[in-house]
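>>> please find the sequence and the predicted model below.
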Amino acid sequence: MPDLILVTGATGNTGTAVVAGLRSRGSHVVRPASRRPDPADPDALVFDWADATTFAAALRGATAMYLVAPAGEADPVSTVGPFLELAADQGVRRVVLLSSSAIERGEPGLGEIHDVIAGKFSEATVLRPSWFMQNFVGDHPVAHSIRESREIVTATGVGRLGFIDADDIAATAVEALLAPEPVGEELLLTGPESLSYADAAAILSEVLGHHIRHVDVSPAERASQFTAAGLSEEFAGVLAALDERISAGEQDFVTTTVRDVTGRPPTSLRDFLHQVHLRR
C-alpha cells in the first residue's frame, strides 16, 4: 500500500500546490486537510488547529506530512505541540515544516516548532522561505493597499528581500516529502533576486500600467496599522519588528536552493506578476 502523506493547510497558498504536485507524481496517497476541505475531493477532510478532536483522523495511517502552523498566532507551539506528540506516537516519520527565513530554530513562534520537529522526528526538513510574492496579489494587507490606494506601506525603508513564488516553495516541499533520503534539515528559499519594496512597486507599476508607490513609515506606526486591521497587539508587534529587521538589511540575500532541490530556477517577481495579470 502506498505511503500516505498528510497535507495541512491544504487549501492555502502552498498547500494547494503541494497537493497537486504530490498527486502529479502518482505514487502516494495524499490526504488534504483544512478547515474547509474541497467537498469534491474524497480524500480531503476537516482539520482545524482550534479543534483537537480533528487531529487523530488527519494523522491516521500517515507516514509523512507537510505542516503549516496556524496563522496569526504569536505562540503557535502551544497548539501544534500536542499535535506533533500525537503524530510521533502514530508513526509519522517525515515532517516538512513551512517556517520563515526570518525565524531561526528555537526562536519564539515557528522557531520553537522547528526545534520540536528537529528533536522528535527522524526525517525532518524545515523550509525557511523569504516573503511570498502572493502577498502582492492575494488576500493580504499589502495586496489590499495596492488595489485600494495604489501604494505599499511598510516600515522596511530601503531594505531588500528575496521575494519567492509560493509555487516554488511547494515544489521544494514536494521533493522534500518524496525524496528517498531527506533533502536537508533546513532550507533557506528565495526567488532569483533581492528587491526592496520600492523596487517591487516599480515592477508592479510596469505590469499593471499605473503608478504604485512605496510609503515608508515607522515600526510603531506600522504596528498601529496592523492592530487597526484586526490583528492582536502582540502579533502586530511581531510583524512590525520583522519590517524593522528587513530595514536593517537582515533579509538581503539570495539562495540557489529552489534550483538545487527541484532542478528548475525560481520565478522572478516580474514573471510572476505577468502570469497573474494574464490570468485575470
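Cool, got the structure. These numbers come from a predicted model, not from an experiment.
>>> tell me the confidence at residue 194?
Note on residue 194: pLDDT of 98.
>>> can you check residue 168 too?
For residue 168, pLDDT reads 98.
>>> buried residues in the one helix or strand it maps to, which are they?
Per DSSP states H and E: residue 168 is located in helix 166-178. Within helix 166-178, the residues that count as buried by 16 or more other C-beta atoms under 10 Å are 166-178. Placement of C-beta: from N, CA and C, glycine included.
>>> one more: stretch 176-186?
Within stretch 176-186, the residues that count as buried by 16+ other C-beta under 10 Å are 176, 177, 178, 183, 184, 186.
>>> now, the most widely separated pair of those residues?
For the buried residues of stretch 176-186, the farthest-apart pair by C-beta to C-beta is 178 and 186; their separation is 18.5 Å.
>>> scan the chain for its longest helix.
For the chain, the longest helix by residue count, based on DSSP state H, is helix 233-247.
>>> what about it, distance to the chain center?
17 Å (C-alpha atoms, centre = their mean, to the nearest Å).
>>> now stretch 62-79
11 Å.
>>> what residues of it count as buried?
Buried residues in stretch 62-79 (16+ other C-beta under 10 Å): 62, 63, 64, 65, 66, 67, 68, 69, 73, 74, 76, 77.
>>> now, which of those lie within strands?
Counting by DSSP state E, the buried residues of stretch 62-79 place 62, 63, 64, 65, 66, 67 in strands.
>>> please save the CA atoms from stretch 142-158 in CSV.
Output of stretch 142-158 as CSV, limited to C-alpha atoms (Å, rounded to 0.1, in the frame of the first residue of the first chain):
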residue,chain,number,x,y,z
VAL,A,142,-0.2,44.6,1.0
ALA,A,143,-2.4,43.5,-1.8
HIS,A,144,-5.5,45.3,-0.4
SER,A,145,-3.5,48.5,-0.2
ILE,A,146,-2.3,48.2,-3.8
ARG,A,147,-5.8,47.7,-5.1
GLU,A,148,-7.4,50.3,-2.9
SER,A,149,-4.9,53.1,-2.7
ARG,A,150,-2.2,52.2,-5.2
GLU,A,151,0.5,52.1,-2.6
ILE,A,152,2.6,49.7,-0.5
VAL,A,153,3.0,50.7,3.1
THR,A,154,5.9,49.2,5.1
ALA,A,155,8.4,50.0,7.8
THR,A,156,11.2,48.4,5.7
GLY,A,157,12.9,51.5,4.4
VAL,A,158,15.3,50.5,1.5
